[in-house]
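**Student:** how does the following fold in three dimensions:
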Amino acid sequence: MHPPLAKLYPANEDIPQPGSPAPTQPSLPIPTQPGLPVLNIAAYRFVLVNDRDRLQKNWLERCLGLKIKGTILIAPEGINLFLAADPQAIELWLSELQQDPRFADLEVKYSWSQHQPFERMRVRLKKEIIRMNSPDLAPVAGRAPWISASTLARWLDQGHDDHGRPIVMLDTRNAFEVDYGSFHHAVSYQLKQFSDFPKAIKAHRQALEGKTVVSFCTGGIRCEKAGLLMQSMGMTHCYQLDGGILKYFETVGQRHFQGRCFVFDQREALDADLQAMPGQ
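**Tutor:** Residues are numbered from 1 along each chain as shown. Just a heads-up that it's a prediction; the model follows:
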């Protein structure tokens, strides 16, 4: 994945240097899920966007034409999207989106459902695709260090990182999301909103010294900024879980996680098989 880094991290080869890009995933076609007709996708990309009005108009018209529902957020710092539709419609929309070089390597998370989880289609212009009220943090300029789901699972299996440091799992989600489920013994600051995170981490920084901190959220977007914030504070041995809980479920499954993962649509929460709660 990152050949030059293999020599730097012989025991943990997937930890990149700060600023390295996210790993890309295989191109389409999308794998099928027998018996479940609706394909749900979630994706984000931090990249400079200076044509927001044009994208808003074009994407709304195209999604309505393909009968896609969900939400796309567009900000100067990038895009964040949650969409659902017939898989052929999603595949076509993604293939067209990825013709734009800015989104050619967009990493997409997939899940399936019996019913459409969104009521309508919205494309909204925002100041930030994930609000933290910290304009000096710019993921578009480079990522904070990250680890893969498989490496995290190995660390949790052995009870420490590859250098013997204890691990703290730091949940950056809101308190009501954490109530649905989280990693075993994860630390939560019981946030009401993500913009409260900077104040919370500064208040609890001392308790994290000497430990390896792995921040996580639903799909990874919040930790892109949380990781940069901790890095800017001079905190060391801090990593974000690449792809968040959803990627961990897809790669590892339930191991070390208790409960379900809350999602912001009518499915409410997903289990480790990325299936909705019964009755949703």
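
**Student:** okay, CA-based contacts and neighbour counts for the rest of this
**Tutor:** Fine.

**Student:** give the partner strands of the helix or strand containing residue 169 in its sheet and their orientations.
**Tutor:** Using DSSP states H and E, residue 169 sits within strand 167-171. For strand 167-171, the paired strands and their directions (DSSP bridges) are strand 187-188 (parallel), strand 212-216 (parallel).

**Student:** next one: the first one to chain centre, how far?
**Tutor:** Taking C-alpha atoms, centre = their mean, to the nearest Å, one finds strand 187-188 lying 18 Å from the centre of the chain it belongs to.

**Student:** remind me which residues of the stretch 151-280 of the chain are low pLDDT?
**Tutor:** Screening the stretch 151-280 of the chain residue by residue with the criterion pLDDT under 70, one finds the ranges 279-280.

**Student:** sorry, back to before: minimum distance to residue 120: which of the strands paired with strand 167-171 has it?
**Tutor:** Ranking these by distance to residue 120, with C-alpha to C-alpha as the measure, places strand 212-216 first at 28.8 Å.

**Student:** circling back: most packed of the strands paired with strand 167-171?
**Tutor:** Mean neighbours per residue, mean count of other C-alpha atoms under 10 Å, is largest over the strands paired with strand 167-171 for strand 212-216, with a mean of 25.

**Student:** helix or strand right after that one?
**Tutor:** With elements assigned by DSSP H and E, the helix or strand that comes after strand 212-216 is helix 221-232.

**Student:** and that next one, what's buried?
**Tutor:** Neighbour-count burial for helix 221-232, with 16 or more other C-alpha atoms under 10 Å as criterion, is recorded at 221-231.

**Student:** turn those into a markdown table, including distance to residue 201.
**Tutor:** Converted to a markdown table, these look like this (distance: C-alpha to C-alpha, whole Å):
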| residue | distance to residue 201 |
| --- | --- |
| 221 | 17 |
| 222 | 14 |
| 223 | 13 |
| 224 | 15 |
| 225 | 12 |
| 226 | 9 |
| 227 | 11 |
| 228 | 12 |
| 229 | 9 |
| 230 | 8 |
| 231 | 12 |
